[in-house]
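[1] okay, here's the prediction I keep looking at, along with the sequence it came from:
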Amino acid sequence: MLENPRSPRVRAVAKLTKRSARQETGLFLLEGPQAAREALSYRPETLVELFATPTAMERHPDVRDAARDAGLEVVFTTEAVLDAMADTVTPQGIVAVARQSPTSLREVFAASPRLVAICEEVRDPGNLGTIIRAADAAGADAVVLTGRTVDPYNPKVVRATTGSLFHLPVAVGVDLETAVDKAHAAGVRVIAADVGGGDFLASRSLLAEPTAWLFGNEARGLEDDALALADLSLRLPIYGAAESLNLATAASVCLYETAFAQRAAV
């Protein structure tokens with residue numbers, strides 16, 4: 001059992017809350033039983049280490065069994081050690097270390113996708129995690145993140161995806177112009193979500209075709225050069241008195257509207 005919160009092994013795990021350590025090692029941190037459960041179910045080969053308190057393993061025997069089936073030893077720790085490793089105040093007794101496994105942009109569009117989310121300079125970890133989760137729920141084929149978007153392996157992003165990070169391809173560090181070019185070459189229309197765009201309802205019929213939604217920064221939206229790359233821009237209508245929609249909420253609506261249109265057309 002790991003008992004010393006200051007041991008080199010514990011410190012190495014704790015450092016993964018920092019982007020510099022994630023970049024240097026190619027690893028990232030998972031916290032809680034849900035994240036461990038999803039990783040073990042969908043991408044067990046990416047897991048490097050799994051740490052847990054004895055109490056947590058008793059509470060979540062399915063995680064223990066899935067780790068055993070994956071050939072992954074559970075390293076028992078004290079509560080103090082788990083607290084030292086984790087980014088959250090209450091890590092729920094389980095912390096894991098996994099290898100980053102982004103998908104290449106070429107693979108994303110070689111698979112003839114019908115629905116893709118492209119994120120340009122999305123900076124809030126909670127928003128990005130929610131967009132990845134919404135894309136997964138809507139049956140999107142992939143999420144593409146430009147180099148100006150927050151690190152998807154940030155612990156806050158990982159938590160916000162609630163496991164969806166392991167369910168669909170995610171390309172990272174992509175140049176936006178290259179992503180749009182690849183989309184066009186694959187026959188995918190790129191639609192920018194923008195408050196200055198055209199009427200969403202009037203263009204709904206277009207959504208039945210292969211679509212990549214382009215989402216921008218929370219505060220500024222998409223810059224003019226990014227908007228110019230898209231085939232068209234659309235805005236979601238505001239029927240009430242709200243000033244605007246949160247980015248992740250707007251993205252969820254766009255992705256689901258497209259999923260509805262594509263399934264209705266089958």
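    Thanks, I have it. Numbering: from 1, shown residues only.

[2] mind listing the strands for the stretch 51-200 of the chain?
    Secondary structure of the stretch 51-200 of the chain by DSSP state E, counting those that start in this stretch: the strands cover 74-76, 94-99, 115-119, 142-146, 170-174, 189-199.

[3] now those strands as TSV including mean pLDDT and mean neighbour count?
    Placement of C-beta: from N, CA and C, glycine included. Below are the strands of the stretch 51-200 of the chain laid out as TSV (pLDDT from 0 to 100; neighbours: other CB atoms under 10 Å):
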stretch	mean pLDDT	mean neighbour count
strand 74-76	96	16
strand 94-99	96	24
strand 115-119	98	28
strand 142-146	97	25
strand 170-174	96	20
strand 189-199	95	18
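
[4] so what's residue 75 closest to, chain neighbours aside?
    residue 51 (5.0 Å; CB to CB, 6 or more residues apart in numbering).

[5] scratch that, residue 227 is what I was asking about
    residue 192 (5.4 Å).

[6] would you confirm that that neighbour contacts residue 224?
    No. With contact defined as CB atoms under 8 Å, residue 192 does not reach residue 224; the gap is 10.9 Å.

[7] let me see the ranges of the helices in the chain.
    8-14, 19-25, 33-42, 54-59, 61-69, 79-85, 105-110, 125-137, 155-161, 176-185, 224-229, 247-264 (DSSP state H).

[8] residue 201: which of those helices is closest?
    helix 247-264 (9.7 Å; CB to CB).

[9] show me what contacts the closest residue to residue 132 other than its chain neighbours?
    Closest residue to residue 132 apart from its sequence neighbours, by CB to CB, 6+ apart: residue 161 at 4.7 Å. Contacts here follow CB atoms under 8 Å, 6 or more residues apart in numbering; on that basis residue 161 touches 129, 130, 132, 133, 136.

[10] with residue 252 instead?
    So residue 252 contacts 130, 131, 134, 138 (CB under 8 Å, 6+ apart).

[11] can you tell me the distance between the two ends of stretch 201-217?
    23 Å (CA to CA, to the nearest Å).

[12] so how far is it from its chain's centroid?
    Remark: stretch 201-217 is offset 20 Å from the chain centroid, using CA atoms, centre = their mean, to the nearest Å.

[13] rewinding a little: of the contacts of residue 161 - the most surrounded one?
    residue 132 (28 neighbours; other CB atoms under 10 Å).

[14] is it correct that that one is in contact with residue 163?
    No. Residue 132 is not in contact with residue 163 according to CB under 8 Å; the separation is 10.0 Å.

[15] circling back: turn the contacts of residue 252 into CSV, including distance to residue 90 and pLDDT.
    CSV is the format used below for those (distance: CB to CB, whole Å; pLDDT from 0 to 100):
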residue, distance to residue 90, pLDDT
130, 21, 97
131, 25, 98
134, 25, 98
138, 30, 98
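
[16] which of the residues you listed has the most neighbours?
    residue 131 (32 neighbours).

[17] give me the neighbour count for residue 206.
    Residue 206, neighbours per other CB under 10 Å, totals 15.

[18] partner residues bridging the closest residue to it other than its chain neighbours?
    Nearest non-adjacent residue to residue 206, counting by CB to CB, 6+ apart: residue 189, 6.8 Å away. In this entry, residue 189 is beta-bridged to residue 211, by DSSP bridges.

[19] need the contact list for residue 81.
    So residue 81 contacts 2, 3, 4, 5, 10, 51 (CB under 8 Å, 6+ apart).

[20] quick check: the residue nearest to residue 206 vs residue 255, distance?
    Residue 189 is 14 Å from residue 255, where distance means CB to CB, to the nearest Å.

[21] do the same with residue 38
    Residue 38 sits 20 Å away from residue 255, going by CB to CB.

[22] what do you get for residue 98?
    26 Å.

[23] with residue 42 instead?
    Per CB to CB, residue 42 is found 20 Å from residue 255.

[24] more crowded one of the two?
    Taking other CB under 10 Å, residue 42 and residue 255 do not tie; residue 255 has more neighbours (26 against 14).

[25] grab the nearest non-local neighbour of the more buried one.
    In space, residue 255 is closest to residue 138, 4.2 Å off (CB to CB, 6+ apart).
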